[in-house]
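**Q** Predicted structure and sequence below. I'll ask about it afterward.
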Amino acid sequence: MGGMFDDRSPIYRQIAERIKADVLSEALKGDEQVMSTNQYAAFYRINPATAAKAFQQLVDEGVLYKKRGIGMFVSPDARDRLRKARRETFFADVVEPMVTEARAIGIPLTEIIARIQELED
Amino acid sequence: MRTDVEDLVLRYGEATALDRMTFSLAENKIYGLLGRNGSGKTSLLSVLAGFRRETSGRVRVDGRPVFENGALTREISLIRDAGETIDIGTVGDVFYFAEWLRPRWDGAFARELLDLFGLKPKMNVKTMSKGQRSALGVVVGLAGRAPLTMFDEAYLGMDAPSRYAFYDALLADYAEHPRTIILSTHLIEEIGALFEDVLIIDRGRLVVHEDRDTLLSRGTSVTGPAAQVEAFTAGMNVLGTKELGPTRSAAVYGELDEARRRKAAEAGLELGPISLQDLFVHLTGGTSR
Amino acid sequence: MRFPSRLFAAQAWFAAMAWLVLAGVIAVIVLAVVLAAGPPRQSVWEQASQVPRWFTLFVGVFMVREYLPLYIAHGQTRRRFTGHLALTVLAYAPYAAALVTLGFLLEALVYAAAGWPQALDRAHLYSSPTQVHLVFAEYLVEILAWTSVGCLLGAAFYRWGAGGILMIPPAAAMILLAEGSVGAPANLPMLASRLRVDLAVYPALALGVALLTFLVATGLTWTLIRDMPLRNRLA
């Protein structure tokens, strides 16, 4: 609602993705407290249970941990875990679709490699 | 409050408004009640609130029958656009009776909400605009803090900024004072994210009662060449189809497992989600009747 | 059941405002009569005292039509509403009767100061407007009957819509009986002088008739609203 979310996946997953992005970019650091489910609910105008579901998913994935009676915190190793996980899926998620696309529209792989080297310099 | 409805039937003379409904609502969740005009939303909520007596079946809240049970109905609030609670005198008079009859009335909160919607205690309810009357109904419904609070299209006359102010006030107060809330609405796109569970009724029958995310995960649009879509969706519950030249898009209802998703990808079909609004339209008989 | 203070207070305030308006209008009429035709030869308030009947009938209708939905929508039972309604009518009738009596007393003061005769036009329970207890008793009887019959009509029209018209004959019969008990013509439209109940006029009998009317009307009101659904939308 309010244009904050698309319809592509459940809202709780989109919230989880946003928190992960914040952890990766270090907007959220290790052992830092994240906003409460009610704050998330109010901010995004969603049901608090939806925000709670996002948090539960992140706890299960080891990105967040819970301090009883205080709230949710970023796991100290969250960023490393996320980076590792993203590295594992990088080729499947990013490179392979790119190669498929390049083939479909007729860009030779050598040209792509050249461009990557250009960016590296 | 826990609400149990069993085999509920409501008839108006010959017409059947509610046809053997059975469901249970848990405590402290926000429910969305969706249905087309005349599907029985107002009838259902009216029975839950004890505004009318069921023709047959059972309506229990916290295990006890609702109708004429004062200990229960004091804890139940239904705000309809007929405006029963806001029809006499001025805004001040409306509050005068609300604080007298509602055991959990919060006067300070009511005045805060009044400011939020730009209403004044001296305003005469008979000369208010439709939007102002709707807003006053919302104020009475929220400040009453009933453990079972229902709004039946109560915010329909309000303009968009007022509606968003209502959603925000509702969420903030729900966070502080959790209670069971039922919102019946046509504004599904706007308010859908507020629901934890969704009930869809059609022609007096309960069609869906599901966690919102689960319900959404059941709806998938399958798009691609007509023949492939036809083959892939054979035997599935197809809610509706649209065609654009050689391309067909079918809305299917039901969980798609990994194997089927892979099959779709292999057939060059695109799978996408269906919005709550579209799902609702499909599940209640398409775009026309 | 505790006394329904706020339901009564709202009606009491409304009646006080109506009394002020009526008293103002009567004062203007008296003044106009004096200027145009000289000193009045009889009580003007006696004529004005027919207004409270219709006003309190309306109050009875209004209380059921407006407050029953309010009560139910605020989670109160029909049973509790009927109890509150009965207590309010019982408190309201002497209150409104006292207002009418007050009108006669104020008129007596003015007339006495000006030296005008406060003569009566027709038969009453009282023979002089300064017989305070009898004046009060007559209007208590009238208002108790008209208000409780108003509640009954309000319930009948809310429940049956236009079919509420069926309740008018029994309602009119109750009013005629109560009016007859205080020696007054009922002044119902069309039936005015032909239909009247001639009863021997005794204050105790009149009060008994009023109480009976109240009990019957309230009992019938209860049978109408005990399982009455709230309308989905009022016309």
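**A** Perfect, I can see it now. Numbers count the residues shown, from 1 in each chain, chains lettered A, B, ... in the order given.
**Q** Could I get the contacting residues of the nearest residue to A:Val63 once chain neighbours are set aside?
**A** Sequence neighbours aside, A:Ala78 is the residue nearest to A:Val63 in space, at 4.6 Å (criterion: C-beta to C-beta, 6 or more residues apart in numbering or on different chains). For every residue, glycine as well, the C-beta is placed using N, CA and C. For A:Ala78, the contact set (C-beta atoms under 8 Å, 6 or more residues apart in numbering or on different chains) comprises A:23, A:30, A:62-64.
**Q** Out of the residues you listed, which sit inside helices?
**A** Under the assignment DSSP state H, the contacts of A:Ala78 contribute A:Val23 to helices.
**Q** Buried subset of the contacts of A:Ala78, written for PyMOL?
**A** Buried members of the contacts of A:Ala78, defined by 16 or more other C-beta atoms under 10 Å in any protein chain shown, are picked up in PyMOL with:
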select buried, chain A and resi 23+63+64
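**Q** Between all of the contacts of A:Ala78, which two are at the greatest distance?
**A** A:Gly30 and A:Gly62 (12.1 Å; C-beta to C-beta).
**Q** biggest helix in chain C by residues?
**A** Under DSSP H, chain C gives helix C:78-114 as its longest helix.
**Q** Check chain B too.
**A** Using DSSP H to define each element, chain B has its longest helix at helix B:160-176.
**Q** And the residue nearest to A:Val63, how far from chain B?
**A** 24 Å (C-beta to the nearest C-beta, to the nearest Å).
**Q** re the thing from before, list residues touching both of A:Gly30 and A:Gly62?
**A** Taking C-beta under 8 Å, 6+ apart as the contact rule, A:Gly30 and A:Gly62 both touch A:75, A:77-78.
**Q** Redo those residues as a markdown table? Include pLDDT.
**A** As requested, the shared contacts of A:Gly30 and A:Gly62 are exported to a markdown table (pLDDT from 0 to 100):
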| residue | pLDDT |
| --- | --- |
| A:Ser75 | 94 |
| A:Asp77 | 93 |
| A:Ala78 | 93 |
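**Q** now, which of the residues you listed sits nearest chain C?
**A** Of all those, chain C sits closest to A:Ser75, with 47.6 Å by C-beta to the nearest C-beta.
**Q** dump the residue contacts of the residue lying closest to the closest one once chain neighbours are set aside.
**A** Once flanking residues are discounted, A:Ser75 sits nearest to A:Tyr65: 5.3 Å by C-beta to C-beta, 6+ apart. By C-beta under 8 Å, 6+ apart, A:Tyr65 lies in contact with A:59, A:72-73, A:75.
**Q** Filter those down to the buried ones.
**A** Neighbour-count burial (16+ other C-beta under 10 Å) applied to the contacts of A:Tyr65 gives A:72-73, A:75.
**Q** which among those residues gets closest to chain B?
**A** Nearest to chain B, judged by C-beta to the nearest C-beta, of the buried ones among the contacts of A:Tyr65 is A:Met72 at 15.5 Å.
**Q** so what's the residue in chain B that chain A sits nearest to closest to, chain neighbours aside?
**A** Ranked by C-beta to the nearest C-beta, the top residue of chain B for proximity to chain A is B:Ala175, at 3.9 Å. Sequence neighbours aside, A:Asn38 is the residue nearest to B:Ala175 in space, at 3.9 Å (criterion: C-beta to C-beta, 6+ apart).
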